[in-house]
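Trainee: Provide a 3D model corresponding to the input given below.
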Amino acid sequence: MPLLLTSGPALEPVSLVEAKDHLRVDHADEDVLIASLITASRVHLETMLGLAFISQQWNFVLDRWPDSPIVELPLAPVQSVDQLSLYDADDNATIITPANYALDALSQPARLIWHGFAPRPSPGRSCNGIEISFTAGFGANAPDVPQPLRQAILLLVAHWYEHREPVGVAGEVREIPQMIRMLTNSYRRVRL
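Mentor: This next block holds a predicted model:
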């Protein structure tokens, strides 16, 4: 069940100015490095937590429908289901009307629920026959992202700025600081 990014965030949850202030860097010599650390930190935390911070578009692809009328979306928070497509054997897409399903964005994970009054059509392709296009993220602007997550990005940027190599002296592994885990714990998806 592939999850494919189709349109990334328009901006980062933490600006270059915020990161440089946090690092106490007052020159432009390392702006490219710091900007790349911001992006890497965001992507790392999003992947670790199963979240999208700033609004972004994704495609979730399934081979077939699950046995239940519920499809759990693998990323949170889900803002909207933009399109549900079903592919036939000739790779032609049929758009499924939103009247046939509902989005439960409040559940964790978010769920796409097929209404019981309409049978679910089967895809014609043996693989990747169902494509759910959706928008995920806390919002389109940096202040929409919860402050603990923005602070975790700053701490991770600082950690990677200070420790640019993955392994320290005598093979010591550089672990992510515990404070980052503490800031992100309440955003972790619990799996049973």
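Trainee: Tell me which other helices or strands the longest helix along the chain touches.
Mentor: Longest helix of the chain, by residue count under DSSP state H: helix 31-49. With contacts taken as 3 or more CB pairs under 8 Å, 6 or more residues apart in numbering; DSSP states H and E, helix 31-49 sits against helix 16-23, helix 147-162, helix 178-184. Every residue, glycine included, has its C-beta placed from N, CA and C.
Trainee: The same query, at a cut-off of 7 Å, please.
Mentor: Where contact means 3 or more CB pairs under 7 Å, 6 or more residues apart in numbering; DSSP states H and E, helix 31-49 is packed against helix 16-23, helix 147-162.
Trainee: Break this structure down into its structural domains.
Mentor: 3-53+141-187, 56-136 (automatic domain parsing).
Trainee: mind giving me a markdown table with these and columns for mean pLDDT?
Mentor: Shown next, in a markdown table, are those (pLDDT from 0 to 100):
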| stretch | mean pLDDT |
| --- | --- |
| domain 3-53+141-187 | 91 |
| domain 56-136 | 92 |
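Trainee: quick one: the residue positioned nearest the centre of the chain and Ala158, what's the gap?
Mentor: With distances taken as CA atoms, centre = their mean, the residue of the chain nearest its centroid is Ala52 (3.1 Å). Distance from Ala52 to Ala158, counting by CB to CB, to the nearest Å: 23 Å.
Trainee: swap in Ser68?
Mentor: For Ser68, the distance to Ala158 equals 44 Å [CB to CB].
Trainee: quick one, which of those two is more surrounded?
Mentor: Between Ser68 and Ala158, counted using other CB atoms under 10 Å, the more crowded position is Ala158 (17 against 10).
Trainee: Now for that one: which residues touch it?
Mentor: His22, Leu23 (CB atoms under 7 Å, 6 or more residues apart in numbering).
Trainee: at 6 Å what do you get?
Mentor: By CB atoms under 6 Å, 6 or more residues apart in numbering, the contact set of Ala158 is Leu23.
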